[in-house]
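[1] What follows is a predicted protein model with its sequence.
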Amino acid sequence: MLFFLLFPRRRPITKPPSRKQEVTQLLRSPAENAESCSNTIGKVIPTAGLTAMPLSDVITLENLEQKLPRWDSASDSHLYAIVDMGSNGIRFSITSLEPPSTRLLRPVYSTRAPISLFDALTPSETGLVFPDSTITSVAATLADFHRQALMYGVPQANIMILATEAMRRAANGGRMLEAIEKSTKGLGVHILDPAVETLCGAVMGSRSGLGSLPERGALFLDLGGGSVQMTWVDPSASDYEILAARSGVSLPFGAARLIRVLKQGEATVVAEQTEKLSSGLAEAYNGLCRQFPRLQALREAYQNREEGLVDVYMCGGGFRGYGSMLMHTDEVQPYPFSTVNGYSVPAARFKDTVRMRSVHEDHQDSIFGLSSRRREQFPAILTVIEAFINAVPNIGSVTFCGGSNREGALMMKLPLEIRESNPLEALASVKDIEKPVFDAVAQILRDAMPDEPSLARIPTVFSTGLTSLVIRETWSRQGHDADSNTSFALRNAIIRDTDAPGLSHRVRALLALTLSARWSGSLSAGDAQLSRSLQAIVDREHPGASFWAFYIGGHLRVLADIFPVLPLAADQLRNGISLQGRIQRTSDKKDRVSSTISIHPSTQIRNAEKMAKKLKEVVNSVAQKQALKFEAEIIIKS
């Protein structure tokens, strides 16, 4: 015994991985990593005191229906709690799917734990592993989330934990799953297969925040901490979301992973991996073009120097970080919107990575929407953006979306008719008994629009799905004066219904301008500046959009003056007023837009001339900037 005390047995020395080995492990593809890992994800793990149970399920496109049960409108509870164990952080939210506002995915509670699972992955001889401290911290965090969900009344069956890239790669993922199961009283973790991550993130996560999809299709991308996904979405295809997920490509170049390579890797490794990223995105785009004729046709048109531009939608924290930098440097200043969700830029702005890099390096103060962690990862984000630009030269407009795996998973629970419905209709909440009257007002307004094919390309309340919401707001707040209501219309459209699907920056700007014109009160200096900023936002997509917003809003004022109370009968509207708009092309390059308003004598209007004068003032306040001139006449029917 004394011998062993004096000369203890030497433990074998485990040589820590070299820097090159660490980077190599980080850059393994999920398939390569899984081959070398002895993890227990998807296996049955016996737990002390409990019956052996599967602590996790891998959700694939094949078992999606089984693993994501459909939403039931007759359910006793419509509250759902979802945890997204992302590579850059763990997010938790509670959402209400209560009818009739189910499509709005109304947020009830949301929080985030700043735990980067990807940063926590530590290289070892057996692969990438989570340290014990991380496992303990994650289990405690999810226990807190679980308690909060129960406090809000979320049924245990409606609580779901999702995990992605970092959990797929961890060699000791089973230990993490076991700790989570113990801390949450039996909750398992759903590991998203890469195709399902594309479905729930890039496709349906983005889709959750959009009112509609472009008819000709669009590219959808998601940049998380561990990977980047790209796919093509063609809304005309049956089961387009599943087709997009199957066709999508996931590359192991997330912002958290790539920044570690850029910082720690040798120059040759950085060059090699940057080339892999570029070639990977280029091949992904080529593959999508081969599979989707519409996308190939756009590329060929662009190569033939025709338009052929591709709309792009981006989600994920990495891409939203780039969007925040673009918004910080937007030509409209001060930019009126805070969140980057729903922010759109043309290709020229999107491609200006040199300027974005310069701002990142030179601007020492904080930038709204960019956390210190996201600023640290910004060089990696730029690397992905530049690789995408090189791969897809025919980028059109780029829109940044706020959806995530959580919203995407909820969308996949919904029936098709709700999932594809216009969320702004749900926001307007038109009852069945009101619908004939709303339809009558909408038709009267459409009759005011000139029969001109070129107008179909201009964003208006009609093309953006705002019609019912605008009608709803037209007859509200009538107890306040016009000046107050004009200011309210401009500002409320910016902040109302935070993150509501369909309310992009452009749509909010159209709503604000249309309703401010409906009241057409005087503007303070601050409101005048805000109005000009909103006009610039809608006009940069299509010059003339602000004119038609004021045109429609001005006619709404006429309707509200004639009918101070929205009639209960549609015939009262149809018989009381009719509108007709025309465009006259002129040789002096200043087209004339005219409106004829025919009013039935039963309306007993006595100030028709004053109404016409006010309408002309409102619309002509923006007409000159669009090289237009507006005329209006009101006729009392005999």
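    Cool, the structure landed. Residues are numbered from 1 along each chain as shown.

[2] Just the strands from the stretch 501-638 of the chain, written as ranges.
    For the stretch 501-638 of the chain, the strands identified by DSSP state E, counting those that start in this stretch occupy 577-584, 591-599, 628-636, in order along the chain.

[3] So which bits of the shortest one are buried?
    Residues Ile577, Ser578, Leu579, Gly581, Ile583 are the ones in strand 577-584 that count as buried (16 or more other C-beta atoms under 10 Å). (C-beta placed from N, C-alpha, C; glycine too.)

[4] what's the closest non-adjacent residue to the last one?
    Ranked by C-beta to C-beta, 6 or more residues apart in numbering and with sequence neighbours excluded, the top spatial neighbour of Ile583 is Pro450, at 4.4 Å.

[5] quick one: that neighbour and Arg585 touch, right?
    No: using C-beta atoms under 8 Å, Pro450 is not in contact with Arg585, being 11.0 Å away.

[6] Neighbour count for the two, which is higher?
    For Pro450 versus Arg585, neighbours defined as other C-beta atoms under 10 Å are more numerous around Pro450 (18 against 9).

[7] ok, and Phe220, which helix or strand is that part of?
    strand 218-223 (DSSP states H and E).

[8] name the helices or strands packed onto that strand?
    helix 204-207, strand 228-233, strand 310-315, helix 317-328, helix 372-391 (3 or more C-beta pairs under 8 Å, 6 or more residues apart in numbering; DSSP states H and E).

[9] Go through those and name the closest to Gly544.
    Closest of the helices and strands packed on strand 218-223 to Gly544 is strand 310-315, at 20.3 Å (criterion: C-beta to C-beta).

[10] That closest one - which strands sit beside it in the sheet, and in what orientation?
    The strands that strand 310-315 pairs with in its sheet are strand 218-223 (parallel), strand 395-400 (parallel) (by DSSP bridges).

[11] Buried deepest among these, which one?
    Mean neighbour counts were taken over the strands paired with strand 310-315 using mean count of other C-beta atoms under 10 Å, and the top value, a mean of 28, falls to strand 218-223.

[12] What lies in contact with that one?
    When contacts are taken as C-beta atoms under 8 Å, 6 or more residues apart in numbering, the neighbours of strand 218-223 outside the stretch itself are 197-198, 201-203, 205-206, 228-233, 244, 254-255, 288, 295, 310-319, 381, 384, 388, 392.

[13] Can you dump the C-alpha atoms of it in CSV for me?
    Written as CSV, here are the backbone C-alpha positions of strand 218-223 (Å, rounded to 0.1, in the frame of the first residue of the first chain):
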residue,chain,number,x,y,z
ALA,A,218,-38.4,33.4,-55.1
LEU,A,219,-35.2,32.3,-53.5
PHE,A,220,-35.4,31.7,-49.7
LEU,A,221,-32.3,31.6,-47.5
ASP,A,222,-31.7,31.1,-43.8
LEU,A,223,-28.4,31.9,-42.0
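
[14] And Pro346, how close does it get to Glu98?
    Between Pro346 and Glu98 the distance, using C-beta to C-beta, to the nearest Å, works out to 39 Å.

[15] which residues in the stretch 401-550 of the chain form helices?
    Read by DSSP state H, counting those that start in this stretch, the stretch 401-550 of the chain holds these helices, from start to end of the chain: 405-413, 416-419, 423-428, 435-448, 467-474, 482-495, 505-519, 525-539, 545-562.

[16] Mind putting these into JSON lines with distance to Lys637, mean neighbour count and mean pLDDT?
    Output for these, formatted as JSON lines (distance: least, C-beta to C-beta, whole Å; neighbours: other C-beta atoms under 10 Å; pLDDT from 0 to 100):
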{"stretch": "helix 405-413", "distance to Lys637": "49", "mean neighbour count": "26", "mean pLDDT": "97"}
{"stretch": "helix 416-419", "distance to Lys637": "42", "mean neighbour count": "13", "mean pLDDT": "96"}
{"stretch": "helix 423-428", "distance to Lys637": "31", "mean neighbour count": "22", "mean pLDDT": "97"}
{"stretch": "helix 435-448", "distance to Lys637": "15", "mean neighbour count": "18", "mean pLDDT": "98"}
{"stretch": "helix 467-474", "distance to Lys637": "23", "mean neighbour count": "23", "mean pLDDT": "98"}
{"stretch": "helix 482-495", "distance to Lys637": "28", "mean neighbour count": "19", "mean pLDDT": "98"}
{"stretch": "helix 505-519", "distance to Lys637": "24", "mean neighbour count": "26", "mean pLDDT": "98"}
{"stretch": "helix 525-539", "distance to Lys637": "35", "mean neighbour count": "18", "mean pLDDT": "97"}
{"stretch": "helix 545-562", "distance to Lys637": "13", "mean neighbour count": "24", "mean pLDDT": "96"}
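
[17] In TSV, list the ones you listed along with distance to Arg457.
    Output for these, formatted as TSV (distance: least, C-beta to C-beta, whole Å):
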stretch	distance to Arg457
helix 405-413	29
helix 416-419	27
helix 423-428	20
helix 435-448	16
helix 467-474	18
helix 482-495	23
helix 505-519	14
helix 525-539	13
helix 545-562	10
